[in-house]
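# no FASTA, just this:
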DNA sequence: TGTTTCACG
DNA sequence: ACGTACGTGAAACAA
């Protein structure tokens, strides 16, 4: 049986994948959709064809010979969007990693190389398959050369196959005559002019009849449609030129060794790593375990079995400047520790026998007096090892987060790849599967030990590169002066938690249930049937189809039933009112009443986790439960705050910054008028209204104030007329007019925001006042939506991020002060611009003063930082 | 697992 | 013509 070669038109398939599939980006914002689509189709074809050889051809970037000819004649080609262009090197990298031969040559298009290889291979007796999205390639079809054209319709990819016979069937001409057709019709995408007035129909007729352009020209007088006759007469030269342009060169001087193109195992460790980096999760399953673990580090780690060994180890460690540490633990127990003394000297100490968890933790605490403990996550270690602010630690996770806050997770294997020259380590899942630490411990302490060693190794080895990068990006200060101390502050908040009255929460929930059931009944009655009100899909059908409420479609899955839409649509409908109330109550019950009840711990307190490495802007986030979104805007929800109470003998002191983001904006932009406004006014929105609408301060109407407030918010969010118009229910034009007036009033604000976008575009990131960075890859997108998003982000992030920096500083200072002054009061919550202190009654005065001083003094801006402070027996009262 | 909705700043 | 305000997390539903 003859051998088979598969030739792929790289750019064309990449193009297909790009336009045929939704744009995909990985968590770092890298565009990967086209590469993903390319690989999927490649794998599919390989399974169908099972070729012996495989080669992918690419155009070089420079304009090729054939195009130059025409570009000189008329215009240039449309540029490739950057999201696609950046994927070209990526697909080549992936193919190379899989050992796939790629070819390209100066002065020749991919078509030419494909044609050349196809004919060469055919001559050698091979069967040839060409995969392309470009119909031009049909001119190459023969009995042995098959052209395969993938087509995407309705999300499904079907492939059309053409040997010479099928070309004749479909186009009524032989493959070489495809050139004639094209030369007559022209092709704007390929810059082939063609001749005017001749489309597919006429061209086909002419070629079927005369066989070629030249022959048709010789029989010009017989040529039928008069229009075609005249056009051919007049533009014959153009047709001949077009023919040259349309002809694929099948005889290029490409050097090609078939052995290099022989198809081998594509599932190499390199390809696996690359796919993982690109987050092609579906593709990873194609790689078998064997190829995965090959190139990884050889794990010759040591295990420390007995107490004397451990003693010696810690002694040795104490002499080192840095060690890598991974504590194997969960919330309750310590199972052991991995310690890296040197990059080649890594130990695992299981917690067993005399080496109890407590013993290990004590040793670590002691070690941190002299040696920097490098950990992936210091705060989790703190749960067991009572390190203090004077302990020496390095937090790899936070370092990596600062360097790229867009990543969604910071696992050790990712860190190794990024900061250790692409070093490939097995992942946690490779080593432990999906087991928890506890589960893995019960199975075998050995695999767990290996895992601990890899993590400890990574923490030690990556410390240097990360530290260097933090210096280079001028974020070392943010790291040491804000983030690292904050680890201790947050840990303390987590450990204290906040007291919650469980019984009251329960009865609150029961009260809600009664009303929810009433509403449910009423809604079902009004709808005329029972259905699940919580299902947006069912609700949409009921409202917009059954009840015939004029509804606009909105989401990709159907009707939007979001509150603001329903409110605008039919505020008078009784059912709508009921649904909105139902929704509100259902939310309160499920998320807050039931949700919070479920996480009250035996100490009657809720211990949330404050995450420091999640947000893109530098804010912290709160999970399990989220205590940063406890209701406050609506009275009914706000009542929940009554169940958050201080311990006996304590009260709550709640302090929040007044409009910190607007003040930051005033400072960063340096706009004198806004700064002056803040120096004068208690009511900034009113003053803004007065200045923007040119009315005396005392004559500002409530509506004007509301509008000014919305504009102020809009500015902080990265203003757009559309967003503002939505918010205020006005037209875009009106919104645009407000914005313009605002910028006229505060001229430097406009300049400042424009500058943010410009430098963001230039540098690829924007920065806060303290130097924290956020990359904004979207700014370079050719997609209008994405680019606009990037612009808003560029305007918002420095503001939101600077405010976040400031309150973090305040938290650290408040925490430090209370500790230094030996107070029993403690910081328990942070809600972005608000701090909640569980304050000992005797310390109220002192703590108020500390809050006032440290919050106001956290930054020195050209406008004062004001705070509002309240005292209360519960959170409701204190706010 | 992704989508929708909604709670907060 | 495109279809958005910025930043989060949790619950419920729909596949």
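Cool, the structure landed. Here the structure is a predicted model, which means the values were calculated and not measured.

# How many neighbouring residues does the residue lying closest to residue A:204 once chain neighbours are set aside have?
Excluding its sequence neighbours, the residue lying closest to residue A:204 (C-beta to C-beta, 6 or more residues apart in numbering) is residue A:172, at 5.9 Å. In short, each C-beta sits where N, CA and C put it, glycine included. Using other C-beta atoms under 10 Å, residue A:172 has 13 other residues around it.

# okay, residue A:494: pLDDT?
Looking at residue A:494, its pLDDT reads 98.

# got the contact list for the host helix or strand of it?
Secondary-structure assignment from DSSP states H and E places residue A:494 in helix A:484-496. Contacts of helix A:484-496 with the rest of the structure, by C-beta atoms under 8 Å, 6 or more residues apart in numbering, involve A:378-379, A:382-383, A:387-389, A:393, A:395, A:398, A:605, A:607-610, A:612, A:620, A:808, A:811-812, A:815-816, A:826-830, A:838.

# now the residue nearest to residue A:204: how far from residue A:601?
Distance, residue A:172 to residue A:601, using C-beta to C-beta, to the nearest Å: 79 Å.

# Ok, residue A:252 next?
For residue A:252 relative to residue A:601 (C-beta to C-beta), the value is 73 Å.

# neighbour count winner among those two?
Between residue A:252 and residue A:601, counting by other C-beta under 10 Å, residue A:252 is the more crowded of the two (19 against 10).

# Could you report the pLDDT at the residue nearest to the more buried one when sequence neighbours are not counted?
Of all residues beyond its chain neighbours, the one nearest residue A:252 is residue A:116 (4.5 Å), with distances taken as C-beta to C-beta, 6+ apart. With respect to pLDDT, residue A:116 scores 96.

# Run through the residues that contact residue A:116.
For residue A:116, the contact set (C-beta under 8 Å, 6+ apart) comprises A:249-252, A:254.

# hang on, the earlier thing: is the helix holding residue A:494 in proximity to DNA strand C?
No: shown here: helix A:484-496 not in contact with DNA strand C (C-beta under 7 Å from any atom of the strand), separated by at least 13.3 Å.

# can you pull out the strands in the stretch 301-450 of chain A?
Shown for the stretch 301-450 of chain A, the strands assigned by DSSP state E, counting those that start in this stretch span residues A:302-303, A:322-329, A:334-342, A:345-350, A:372-375, A:393-395.

# which other helices and strands contact the second one?
Which is strand A:322-329. Counting contacts by 3 or more C-beta pairs under 8 Å, 6 or more residues apart in numbering; DSSP states H and E, strand A:322-329 packs against strand A:334-342, helix A:357-367, strand A:372-375, helix A:378-382, helix A:437-443, helix A:445-472.

# Point to the helix or strand of chain A where mean pLDDT is at its lowest.
Ranked by mean pLDDT, DSSP states H and E, the weakest helix or strand in chain A is helix A:65-73, scoring a mean of 42.

# What's the first helix or strand after that helix?
Next along from helix A:65-73, by DSSP H and E: helix A:82-85.

# what comes up buried for the helix or strand following that following helix?
As assigned by DSSP H and E, the chain's next helix or strand after helix A:82-85 is helix A:87-97. Neighbour-count burial for helix A:87-97, with 16 or more other C-beta atoms under 10 Å as criterion, is recorded at A:87-88, A:90-92, A:94-95, A:97.

# So which residues on chain A come close to DNA strand B?
Contacts of chain A with DNA strand B, taken as C-beta under 7 Å from any atom of the strand, map to A:536, A:554-557, A:560-564, A:580, A:583-584, A:587-588, A:591, A:628-634, A:637-638, A:656, A:800, A:831-834.

# These: which ones sit near DNA strand C?
By C-beta under 7 Å from any atom of the strand, the members of the residues of chain A next to DNA strand B lying near DNA strand C are A:536, A:554, A:557, A:591, A:628-629, A:800, A:832.

# Check the burial of residue A:358 by counting its neighbours.
By other C-beta under 10 Å, 11 other residues sit near residue A:358.

# for the one 10 residues further on, same thing?
Residues near residue A:368, counting by other C-beta under 10 Å, number 22.

# OK, contacts around the closest residue to it other than its chain neighbours?
Spatial nearest neighbour of residue A:368, excluding adjacent residues (C-beta to C-beta, 6+ apart): residue A:391 at 3.8 Å. Neighbour list for residue A:391: A:365, A:368-369, A:373 [criterion: C-beta under 8 Å, 6+ apart].

# repeat that with 10 Å
A:364-373, A:378, A:382, A:385, A:488 (C-beta atoms under 10 Å, 6 or more residues apart in numbering).

# Can you tell me which of these is nearest DNA strand B?
The closest of those to DNA strand B turns out to be residue A:488 (C-beta to the nearest atom of the strand; 23.3 Å).

# Buried residues, the longest helix seen in chain A. List them.
Determined from DSSP state H, the single longest helix within chain A is helix A:784-820. Of the residues in helix A:784-820, A:786-818 count as buried by neighbour count, 16+ other C-beta under 10 Å.

# go on, stretch A:421-437?
For stretch A:421-437, the neighbour count (16+ other C-beta under 10 Å) marks A:423-428, A:430-432, A:435, A:437 as buried.

# tell me how far the ends of it are from each other?
Start and end residues of stretch A:421-437 are separated by 28 Å (C-alpha to C-alpha, to the nearest Å).

# tell me the mean pLDDT over that stretch?
Average pLDDT, stretch A:421-437: 87.

# circling back to that earlier point, closest one to DNA strand C among the helices and strands packed on strand A:322-329?
Ranking the helices and strands packed on strand A:322-329 by proximity to DNA strand C (C-beta to the nearest atom of the strand) places helix A:378-382 first, at 14.5 Å.

# what's the offset of that closest one from the middle of its chain?
Relative to the chain's own centre, helix A:378-382 is displaced by 26 Å; criterion: C-alpha atoms, centre = their mean, to the nearest Å.

# packing partners for it?
In terms of contacts (3 or more C-beta pairs under 10 Å, 6 or more residues apart in numbering; DSSP states H and E), helix A:378-382 is packed against strand A:322-329, helix A:357-367, strand A:372-375, strand A:393-395, helix A:396-403, helix A:484-496, strand A:609-611.

# rerun at 8 Å
Under the contact criterion of 3+ C-beta pairs under 8 Å, 6+ apart, helix A:378-382 touches strand A:322-329, strand A:393-395, helix A:484-496.

# hmm, back to that, which one of the helices and strands packed on strand A:322-329 has the lowest average pLDDT?
Mean pLDDT is lowest for helix A:437-443 out of the helices and strands packed on strand A:322-329, coming in at a mean of 90.

# give me the low-pLDDT residue ranges for the stretch 151-300 of chain A?
Along the stretch 151-300 of chain A, segments meeting pLDDT under 70 span A:152-157, A:188-191, A:282, A:285, A:288-299.

# Run through the helices of it in chain order.
In order along the chain, the stretch 151-300 of chain A carries the following helices (DSSP state H, counting those that start in this stretch): A:164-171, A:175-185, A:200-210, A:213-218, A:226-234, A:236-246, A:258-261, A:269-277, A:281-284, A:289-293.

# if I look at residue A:545, how far off is residue A:417?
Distance of residue A:545 to residue A:417, computed by C-beta to C-beta: 51 Å.

# Tell me which of the two has more neighbours.
For residue A:545 versus residue A:417, the count of surrounding residues by other C-beta under 10 Å is larger for residue A:417: 18 against 11.

# which residues does the more buried one contact?
By C-beta under 8 Å, 6+ apart, the contact list for residue A:417 reads A:273, A:277, A:423-425.

# let's go with 7 Å and repeat that
Contacts for residue A:417 (C-beta atoms under 7 Å, 6 or more residues apart in numbering) come out as A:277, A:423-424.

# do residue A:321 as well
Contacts of residue A:321 (C-beta under 7 Å, 6+ apart): A:371-372.

# if we can go back for a sec, shouldn't the residue nearest to residue A:204 be in contact with residue A:208?
Yes: using C-beta atoms under 7 Å, residue A:172 is in contact with residue A:208, at 5.3 Å.

# on that earlier part again, let me know the closest of the contacts of residue A:417 to residue A:722.
When these are compared for distance to residue A:722 (C-beta to C-beta), residue A:277 wins out at 35.9 Å.
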